[in-house]
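Visitor: Here's my sequence, what's the structure:
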Amino acid sequence: MSISYRKARIKTAPFRLRLLSIAATGIILLVVLMLTKEKLRMMQINYSLDFKNLKLPPQNKLSIFLQNRNLMKPMNSDLYPNLADNHIIIVLYVHNRPQYLQIAIDSLSKVSGIEETLLIISHDGYFKEMNKIIESIKFCQVKQIFAPFSPHIYPTRFPGSSKFDCKSKEDPSKTTCRGNPDQYGSFRSPKIVSLKHHWWWMMNTVWDGLEETSNNNYSRNILFIEEDHFIYPNAYRNLHLLIELKNEKCPHCYAVNLAPANVLSKGEEWDSLIAEKIGNIGYSFNRTVWRKIHKKAREFCLFDEYNWDITMWAAVYPSFGGPVYTLRGPRTSAVHFGECGLHQGQGGKTACVYNGGLDFEVKEIDRVANIDSEWGVFVREQGKDEGYKNGFKGWGGWGDVRDRQLCLDFSKMYRD
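Guide: Numbers count the residues shown, from 1 in each chain. As a prediction, the model looks like this:
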């Protein structure tokens, strides 16, 4: 009997080992499955917005490099050591469109008085060809700033795109991907949301984050233009006149503009100043207006619209409680040009290329200041049918909670 008992134990030992091995494998697979499900579940969480704490994304090496570079002193300070006492800083908001930038820079080089001021170039990412053009400028002081949280410098994760991000309405994996759709069911596109991110980062940085424009060092207006704007020779002189006349002629105006709100118009050529809605070409305002805009960070950051200017017209300005006017002259001092959209200039390494010719007629009247201080003001009423009506909810593209949070964080970067 004892021999038989030993044989039975010997026979059952391998079976028990196999059973334990199968059980262990099953447990491991179960744990892996549970962890995978938890990871996917975490991707789907609709993160709540944090309106109080700063939650900027972790920076990579390029982001840190660009942020440190933003602290550099302006170029050409040796050529132009002293800025004019009443100089008005110009900020040029640019994307990866080098041929456009070259045209804008060439036009600025011919602006009367440009040597008196500081030109700040705000880049949406780092592009060597764009940087090369800026470093060739010799007609004024120049400072470059680079958006360190641009989607273009985060190739594999937010604010850029990652392999886990939802891609489209038809994405079959949308139940396990990361992201929130906009009101039309579309998920974020980094190259599209970068437009609004860049503008809001630039505004916060220029007004609150630079030594050259700090409240202690600078108290005047700032002019904002883009690299697809052709600037007339009289623009800077007209800008000074408009700012001086605004308090007297249009005290309720928030800003001044170098061009009509209607981008297709070159002006009425009347003997009159015009007060109308703020346009997006050559607009200029002071720190008081900026503070009013900054207080509307939630309206700006939570509105489902990827264009900064439409967001301002449809969500921010209406929240001021009344019509928002700007003052301008009857002839334009800046015009929009080009066929290359911003979206085309944001496609990674490939710059937007423009092959057409430009033929701007710059008359003698456009070479000198042509604003008359004796003119009255024609007020173009902002009727109910003008602009974006009440109830307009935006064109979308800005539904992801992460983009909204990053936008809110830009509002807090330089605030205690």
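
Visitor: ends of stretch 121-134, how far apart?
Guide: Start-to-end span of stretch 121-134 (CA to CA, to the nearest Å) is 8 Å.

Visitor: Mind listing what's buried along it?
Guide: Ile121, Ser122, His123, Asp124, Gly125, Tyr126, Phe127, Met130, Ile133, Ile134 (16 or more other CB atoms under 10 Å). Backbone N, C-alpha and C define where each C-beta goes, glycine included.

Visitor: Isn't the third one up against Pro148?
Guide: No: because the distance of 10.3 Å does not satisfy CB atoms under 8 Å, His123 is recorded as not touching Pro148.

Visitor: Glu276 in helix, strand or coil?
Guide: strand (DSSP: H, G, I helix; E, B strand; the rest coil).

Visitor: which non-adjacent residue is nearest it?
Guide: Arg380 (4.1 Å; CB to CB, 6 or more residues apart in numbering).

Visitor: so how far is Pro260 from Lys389?
Guide: From Lys389 over to Pro260 the distance is 21 Å, taken as CB to CB, to the nearest Å.

Visitor: Out of the two, name the residue with the larger neighbour count.
Guide: Per other CB atoms under 10 Å, whichever of Lys389 and Pro260 has more neighbours is Pro260, with 24 against 9.

Visitor: picking up where we left off before, what residues are up against the residue nearest to Glu276?
Guide: For Arg380, the contacting residues are Ile274, Ala275, Glu276, Lys277, by CB atoms under 8 Å, 6 or more residues apart in numbering.

Visitor: again, only using 7 Å
Guide: By CB atoms under 7 Å, 6 or more residues apart in numbering, the residues touching Arg380 are Ile274, Ala275, Glu276.

Visitor: Run through the helices of the stretch 151-300 of the chain in chain order.
Guide: 190-208, 235-249, 287-294, 297-302 (DSSP state H, counting those that start in this stretch).

Visitor: which residues of the stretch 301-416 of the chain score low on pLDDT?
Guide: 339-359, 383-387, 416 (pLDDT under 70).

Visitor: Just give me the neighbour total for the spatially closest residue to Ile114 that is not a sequence neighbour.
Guide: Computed as CB to CB, 6+ apart, the closest residue to Ile114 that is not its neighbour in sequence is Cys140, at 5.1 Å. Neighbourhood size, Cys140 [other CB under 10 Å]: 23.

Visitor: Tell me how far Cys140 lies from Trp201.
Guide: 24 Å.

Visitor: do the same with Asn307
Guide: As judged by CB to CB, Asn307 and Trp201 stand 15 Å apart.

Visitor: Settle it for me: which of these two has more neighbours?
Guide: Taking other CB under 10 Å, Asn307 and Trp201 do not tie; Trp201 has more neighbours (25 against 19).

Visitor: Could you report the separation of that one from Gly160?
Guide: Trp201 sits 15 Å away from Gly160 when distances are taken as CB to CB.

Visitor: what's the answer for Phe139, then?
Guide: 35 Å.

Visitor: circling back: nearest to Asn286 among the contacts of Arg380?
Guide: Ala275 (16.9 Å; CB to CB).

Visitor: in terms of contact, does that closest one touch Val379 like I think?
Guide: Yes: shown here, Ala275 and Val379 form a contact pair, counting by CB atoms under 7 Å, at 4.6 Å.
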